[in-house]
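# need a 3D model of the following:
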Amino acid sequence: MHELVQIGASSRRTRRPAWLKVRLPAGDNYFALKRLMRGQALHTVCESARCPNIGECWTHRTATFMILGELCTRRCGFCAVPKGRPGGKVDWGEPERVAEAAVRMGLKYAVVTSVDRDDLKDGGAAIFAQTIEALRRRIPGCKVELLIPDFRGSDEAVEVVLRARPDVLNHNVETVPRLYSAARRGAQYERSLRLLRRSREIAPAVPTKSGLMVGLGETLEEVCAVLRDLAAAGVYIVTIGQYLRPSREQLPVARFYTPDEFAALKQEGLRLGIRHVESGPLVRSSYHADEQTTSLENGLIRP
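Got it, this is the predicted structure:
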């Protein structure tokens with residue numbers, strides 16, 4: 001196991017290290033998927049959040065659908081998703097279009113997330129449930145992973161989503177508690193932990209998942225404390241990736257973690273009892289999500 005070492009301010013780098021370089025998106029599959037999303041009037045978190053893995057994932061015809069429009073009601077300091085006031089508008093035809101796109105892509109595993117919709121009474125829970133139903137009706141046997149917002153702490157909204165029986169319920173804590181006021185405005189660390197705990201209580205058979213970014217100014221001790229909290233909340237899958245500043249409008253990168261540090265964090269998470277930890281510079285919440293669930297089905301992760 002690699003030793004966890006805290007790097008001080010003098011070791012910070014201003015340029016991205018070599019292990020963070022990715023190829024520009026290209027290829028027939030990438031452009032075909034782009035046309036499909038535009039043709040179905042759909043959004044993906046891959047584009048809206050400027051994910052560095054979009055070229056790899058879209059080339060392999062995988063994408064994370066982002067429902068409930070493209071305007072987020074919160075102003076998180078790390079996120080490039082457009083902010084605004086949707087005014088309570090909901091496109092109820094969206095679940096069917098997501099399912100149609102999934103059919104055309106030949107998906108057997110779909111990941112669905114959303115912007116935060118604090119303007120809606122249920123936070124968008126009902127349309128999450130309808131999207132699961134549409135996907136399974138159009139693609140029998142399709143696995144569905146949901147990456148949900150915190151629904152402002154509503155147990156009722158979480159129950160609506162869980163009654164639709166997602167194969168994995170994901171909710172990201174994103175960062176350490178100390179940085180919430182800057183990075184996750186409008187969110188509460190304890191509220192996110194409670195959502196994960198309650199999900200296990202409401203539907204014990206549905207594995208829970210969470211993720212966090214590093215490089216925003218946290219210490220390694222703080223990251224390990226979050227991993228302990230997630231393990232205590234019964235979370236089975238955790239993703240850890242490097243924060244990359246999408247544009248000058250978002251928070252700057254405090255430092256870049258090395259591959260050895262990511263390996264050490266993975267080992268720490270496993271030591272704490274988390275069943276599966278994806279940890280690496282380019283890891284994102286939905287990156288290789290289908291492979292994580294395959295491990296679950298093969299008994300490598302037991303809920």
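# report the rounded mean pLDDT for stretch 243-255.
Stretch 243-255 carries an average pLDDT of 91.
# before we move on, what about stretch 138-158?
What stretch 138-158 shows for mean pLDDT is 94.
# from the chain's centroid, how far away is it?
Chain-centre distance of stretch 138-158: 12 Å, with CA atoms, centre = their mean, to the nearest Å.
# and what of stretch 251-261?
Worked out by CA atoms, centre = their mean, stretch 251-261 lies 19 Å from the chain centre.
# what do you get for stretch 250-268?
That offset, for stretch 250-268, works out to 17 Å (CA atoms, centre = their mean).
# can I get that stretch as CSV, trimmed to CA atoms?
C-alpha atoms of stretch 250-268 as CSV (Å, rounded to 0.1, in the frame of the first residue of the first chain):
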residue,chain,number,x,y,z
GLN,A,250,-15.1,28.1,-11.7
LEU,A,251,-12.8,27.5,-8.7
PRO,A,252,-9.1,27.1,-9.4
VAL,A,253,-7.3,23.9,-9.0
ALA,A,254,-5.3,24.0,-5.7
ARG,A,255,-3.1,21.1,-6.7
PHE,A,256,-2.9,17.9,-8.8
TYR,A,257,-2.8,14.5,-7.0
THR,A,258,-0.3,11.9,-8.3
PRO,A,259,-1.3,8.5,-9.5
ASP,A,260,0.4,7.0,-6.4
GLU,A,261,-1.8,9.2,-4.2
PHE,A,262,-5.0,8.0,-6.0
ALA,A,263,-3.8,4.4,-5.5
ALA,A,264,-3.3,5.1,-1.8
LEU,A,265,-6.8,6.6,-1.5
LYS,A,266,-8.2,3.5,-3.2
GLN,A,267,-6.5,1.2,-0.7
GLU,A,268,-7.7,3.4,2.2
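# strands of the stretch 151-300 of the chain, residue ranges please.
Counting by DSSP state E, counting those that start in this stretch, the stretch 151-300 of the chain has these strands, from start to end: 168-170, 208-214, 237-242, 276-280.
# nearest to residue 193, of the ones you listed?
Relative to residue 193, the nearest member of the strands of the stretch 151-300 of the chain by CB to CB is strand 208-214, separated by 8.9 Å. (Glycine included, C-beta is placed from N, CA and C.)
# stretch 78-91: end-to-end distance?
27 Å (CA to CA, to the nearest Å).
# mind listing what's buried along that stretch?
78, 79, 80, 81, 86, 90 (16 or more other CB atoms under 10 Å).
# state the distance from the spatially most central residue of the chain to residue 177.
In the chain, the residue lying closest to the centroid (CA atoms, centre = their mean) is residue 285, at 3.5 Å. According to CB to CB, to the nearest Å, residue 285 and residue 177 sit 19 Å apart.
# now swap in residue 198 and tell me
Taking CB to CB, one finds residue 198 at 19 Å from residue 177.
# next, format the strands of the stretch 151-300 of the chain as JSON lines and append distance to residue 126 and mean neighbour count.
Formatted as JSON lines, the strands of the stretch 151-300 of the chain follow (distance: least, CB to CB, whole Å; neighbours: other CB atoms under 10 Å):
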{"stretch": "strand 168-170", "distance to residue 126": "16", "mean neighbour count": "24"}
{"stretch": "strand 208-214", "distance to residue 126": "21", "mean neighbour count": "25"}
{"stretch": "strand 237-242", "distance to residue 126": "26", "mean neighbour count": "25"}
{"stretch": "strand 276-280", "distance to residue 126": "30", "mean neighbour count": "21"}
